[in-house]
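[1] sequence below, structure please.
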Amino acid sequence: MSDADAARDAAAAEEASAFAHAPVDPDGTAAYGDHPDQVIDFYLPRGGDQLAADAPVPLVVVLHGGAWRAAYDRRHVTPFADFLARRGFAVANVEYRRGGTGSGAAGRWPETFDDVAAAVDALPALAREAVPRADPRRTVLTGHSAGGHLALWAAARHLLPADSAWRTDRPAPLRGVVALAPIADLGVAEKLAVCGGAAGQLLGTEQDFEARRPYADPALLLPTGIATTLVQGRTDVVVPCAVAEAYADAAAKAGEVVGLTLLEDVGHFPLIDPAADACAVVAEEIAQLAW
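    Residues are numbered from 1 along each chain as shown. Okay, the predicted model is just below:
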């Protein structure tokens, strides 16, 4: 068996393991808009020994991946959300509008970004109702793959062009961002044809791609001033290390230090697989920022 065949087989096994878990129903769901996809699932903290049972806990906001495509919704990361809740976090699992059907076009412009911005803006009030123990001063954004892109983008809205409807007048009140195998640099992702050219599909035609990148590419929205860590498997063949490394390099050039945790013999999906050791590493990275 060639090295390439072995890598593909390992990646397939990792994906199968991550998707083998039964979905975990949330403790509550709240809408942040009128569209059926404009909802957030909340998970109450179920464990953890950091604090007493009635003490405030950090809020982890999860943005799922799936190349911004409709075939992948928030249900596939519910075991990961439950994994975090069982470690003492309050968890908000965000849904948003995606593009195409099946393996169709990635993302919807501008709706995907409309939704993430609206969800993040609505979260403090919704979390107060759904998870009273959640401490808004200890909010951490996390996201996997395309969701990692959205998490980095959501934390950088104060750096968007002045004419952007998504721009905020100040940085988001976050403890930090933990982006998991993120599609963090859309330019590099497009050159590498990550996820079947999903970055180009997200932004549109070649002309639209260049015009929209300043409004959508986290690698162009630096420095954020918000603590940021990237967690990346070295053997990831879905979103290669080069994409995360390009973002970290761009941050360094902008005068910002971004953490980059590279995990040996780990691919794309173990980062959200409760059965994988890599998932425990992710939880620890979140805890270091949240607590």
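[2] low pLDDT regions in this structure?
    1, 3, 48-52, 101-104 (pLDDT under 70).
[3] now do the SS call for residue 54.
    Classification of residue 54 into helix, strand or coil gives coil, according to DSSP: H, G, I helix; E, B strand; the rest coil.
[4] residue contacts, it?
    Residue 54 makes contacts with residue 133, as judged by CB atoms under 8 Å, 6 or more residues apart in numbering. Just so you know, the C-beta spots here come from the backbone N, C-alpha and C atoms, and that holds for glycine as well.
[5] same question for residue 93.
    26, 40, 41, 42, 43, 62, 64, 74, 77, 78, 81.
[6] among those, give me the pair with the biggest separation.
    Distance extremes for these: the farthest pair is 42 and 64 at 14.8 Å, using CB to CB.
[7] the more surrounded of those two?
    For residue 42 and residue 64, the more surrounded residue by other CB atoms under 10 Å is residue 64, and the numbers stand at 26 against 23.
[8] quick one, helices of the chain?
    Remark: helices of the chain, listed N- to C-terminal, are 3-18, 78-85, 111-130, 146-154, 186-191, 198-203, 206-216, 241-253, 277-290; assignment by DSSP state H.
[9] turn those into a markdown table, including distance to residue 232.
    As requested, those are arranged in a markdown table below (distance: least, CB to CB, whole Å):
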| stretch | distance to residue 232 |
| --- | --- |
| helix 3-18 | 14 |
| helix 78-85 | 16 |
| helix 111-130 | 22 |
| helix 146-154 | 9 |
| helix 186-191 | 13 |
| helix 198-203 | 17 |
| helix 206-216 | 21 |
| helix 241-253 | 4 |
| helix 277-290 | 10 |
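[10] and these: which comes nearest residue 268?
    Taking CB to CB as the criterion, helix 3-18 is the member of those that comes nearest to residue 268, at 6.7 Å.
[11] buried residues of that closest one, list them for me.
    11, 14, 15, 18 (16 or more other CB atoms under 10 Å).
[12] so how far is it off the chain centroid?
    For helix 3-18, the distance from its own C-alpha centre to the chain's C-alpha centre is 22 Å (CA atoms, centre = their mean, to the nearest Å).
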